[in-house]
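Asks: What follows is a protein structure lacking sequence information:
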C-alpha cells in the first residue's frame, strides 16, 4: 500500500526500540513543544519528539537521553507540535501542476499527505497516464497516495474521452505500491442500478482490502442513496448541507467536506458536529480541487482547518478531521495521522492553533 522507498515500521523497529530505550541516538529531536495528541484530543506541555530513519521513536517529556552528538536538535520553543495535515480527496491536475510541483506548493502550508484521484489524466491517457502520476507521486518527499480512477468516462454516452478505464485496469492497479483505493465513483446511477462494470471495479477494490471512494452528487437521500451505499462506496464529498453529512455518517460512510477553489461546503455541514453534537470521528476535511492561485495566495489544508475553526469547530477536533480521521479511513492510522511512535515523522510547528501559522514543516523526518 505504501511506497517501497520509505522504510516500513517493521523494517526499522529495532532502531526505533534502541532509540526509545536510550541505547542509540536519534537522528533528530524536536525539543520542548506542546504535543497535540489527536488520539486523545489533548495538548501536553513540555514534550520532545525523537525521530529515527524518518519515523517517530519516542514522544515524551524528555528526549535528552536519546540525543547524541550528531543528533539534529530543533527547538520548538513552546510552540504546538501538530501532525502533518492530510488532504483526503483531491485532484492534482486541477491545480494545473505535476505531482512534484503540487507537493512543492503545498508543503509550506503543512500538507504532508495527499489522497489523489488522477481521473483527469485518465480521461486523456488512460492507465498509462495514471501510472505516470502514480510513479511521480512516489518520488516526492511527502506522502502522495493514489486512488485508481473509477469513471473514465464519468458519464458514458454523454462525453468522448481519449481512453476508457476498465474493471481489468482497476484490478491491475490494485497491485501497484502507491494505490490506496478506488477513486470517486461518479457513476452513482450506475451503482444504484447495479451496473456490472461499476460493481466489478468496486469488487476488485474491496477484494484487495482497499477503500472505495464515493461521489453521490444528488440531493435525493431516498432509495437511490440507499442503493448507492449498499453498493460499497465508503465516503462521499458531494454533500452540500447538514442533512447530507448526517445521512452519510449515519449510514457508516465518512462525510468528506470540501473547501477548495470552487467548493465551499464546510460551513453548511459542520453544524452536524458543532450544533447537533454528532461524533466527529466520521467527519473528514478535504479540498477536492485547488487552483494553483489558491495554493499560492490562500493555502491548502491549513486554509481548510482555519475555516472549520472559524465556523465554530473546536481547533483540536478540526485538526483530527485533517489528520487521524483521514488516516483511519484509509487504514493508515498506524503509519500517518498522529505524532506517536512508529508513525512517519510528519510534524508541524505552529504558535497558534486557531490562526494556524505554519512555521516549520518536518516531512518523513
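Replies: Yep, that arrived. What you see is a predicted model, and the numbers here were worked out from it, not measured in a lab. Residues are numbered from 1 along each chain as shown.
Asks: mind listing what residue 91 touches?
Replies: By Cβ atoms under 8 Å, 6 or more residues apart in numbering, the contact list for residue 91 reads 116, 117, 118, 119, 120, 288, 289. To be clear about C-beta, it is placed using only N, CA and C from the backbone, and glycine gets the same treatment.
Asks: where's it relative to residue 63, distance?
Replies: Remark: distance between residue 91 and residue 63 (Cβ to Cβ, to the nearest Å) = 39 Å.
Asks: just to revisit the earlier point, identify the farthest-apart pair in the contacts of residue 91.
Replies: Pairwise distances across these peak at 13.6 Å for 118 and 288 (criterion: Cβ to Cβ).
Asks: Tell me where this protein has helices.
Replies: Here the chain has its helices, by DSSP state H, at 9-20, 99-106, 119-137, 167-173, 188-192, 196-207, 223-231, 242-250, 266-269, 271-274, 292-297, 301-310, 315-321, 324-329.
Asks: Residue 7 and residue 15, how far apart?
Replies: From residue 7 over to residue 15 the distance is 9 Å, taken as Cβ to Cβ.
Asks: Columns distance to residue 72 and mean neighbour count on top of the helices of the chain, output as TSV?
Replies: Below are those laid out as TSV (distance: least, Cβ to Cβ, whole Å; neighbours: other Cβ atoms under 10 Å):
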stretch	distance to residue 72	mean neighbour count
helix 9-20	13	16
helix 99-106	22	21
helix 119-137	27	20
helix 167-173	38	18
helix 188-192	49	21
helix 196-207	41	19
helix 223-231	48	17
helix 242-250	42	20
helix 266-269	37	19
helix 271-274	39	21
helix 292-297	29	15
helix 301-310	25	22
helix 315-321	26	24
helix 324-329	26	24
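Asks: Same list (the ones you listed) but as JSON lines, adding mean pLDDT.
Replies: Below are the helices of the chain laid out as JSON lines (pLDDT from 0 to 100):
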{"stretch": "helix 9-20", "mean pLDDT": "98"}
{"stretch": "helix 99-106", "mean pLDDT": "96"}
{"stretch": "helix 119-137", "mean pLDDT": "93"}
{"stretch": "helix 167-173", "mean pLDDT": "94"}
{"stretch": "helix 188-192", "mean pLDDT": "96"}
{"stretch": "helix 196-207", "mean pLDDT": "97"}
{"stretch": "helix 223-231", "mean pLDDT": "98"}
{"stretch": "helix 242-250", "mean pLDDT": "98"}
{"stretch": "helix 266-269", "mean pLDDT": "98"}
{"stretch": "helix 271-274", "mean pLDDT": "98"}
{"stretch": "helix 292-297", "mean pLDDT": "92"}
{"stretch": "helix 301-310", "mean pLDDT": "98"}
{"stretch": "helix 315-321", "mean pLDDT": "98"}
{"stretch": "helix 324-329", "mean pLDDT": "98"}
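Asks: Residue 44: which of the ones you listed is closest?
Replies: Ranking the helices of the chain by proximity to residue 44 (Cβ to Cβ) places helix 315-321 first, at 12.0 Å.
Asks: Spatially nearest residue to the residue of the chain positioned farthest from its centre, not counting backbone neighbours?
Replies: For the chain, the largest distance from the centre (Cα atoms, centre = their mean) belongs to residue 69, which lies 35.6 Å off. Closest residue in space to residue 69, ignoring its immediate chain neighbours: residue 25 at 7.7 Å, by Cβ to Cβ, 6 or more residues apart in numbering.
Asks: again with residue 181
Replies: residue 211 (3.5 Å).
Asks: Can you get me a residue count around that neighbour?
Replies: 22 (other Cβ atoms under 10 Å).
Asks: who touches it in this structure?
Replies: 147, 180, 181, 182, 205, 234, 235, 329, 330, 331.
Asks: Counting neighbours, what do you get for the first one?
Replies: For residue 147, the tally of surrounding residues (other Cβ under 10 Å) stands at 28.
Asks: Can you tell me the closest non-neighbouring residue to it?
Replies: Nearest non-adjacent residue to residue 147, counting by Cβ to Cβ, 6+ apart: residue 183, 3.9 Å away.
Asks: That neighbour: neighbour count?
Replies: 30.
Asks: contacting residues for it?
Replies: Taking Cβ under 8 Å, 6+ apart, we find residue 183 in contact with 117, 118, 119, 147, 148, 149, 150, 151, 213.
Asks: What's the per-residue pLDDT of it here?
Replies: pLDDT for residue 183: 97.
Asks: One more: residue 343?
Replies: Predicted confidence (pLDDT) for residue 343: 98.
Asks: Nearest residue to it in space, please, no chain neighbours.
Replies: residue 56 (5.4 Å).
Asks: How about residue 143?
Replies: Leaving out its chain neighbours, residue 143 is closest to residue 113 (Cβ to Cβ, 6+ apart), at 4.2 Å.
Asks: okay but the one you found is in contact with residue 87, surely?
Replies: Yes. Using Cβ atoms under 8 Å, residue 113 is in contact with residue 87, at 7.2 Å.
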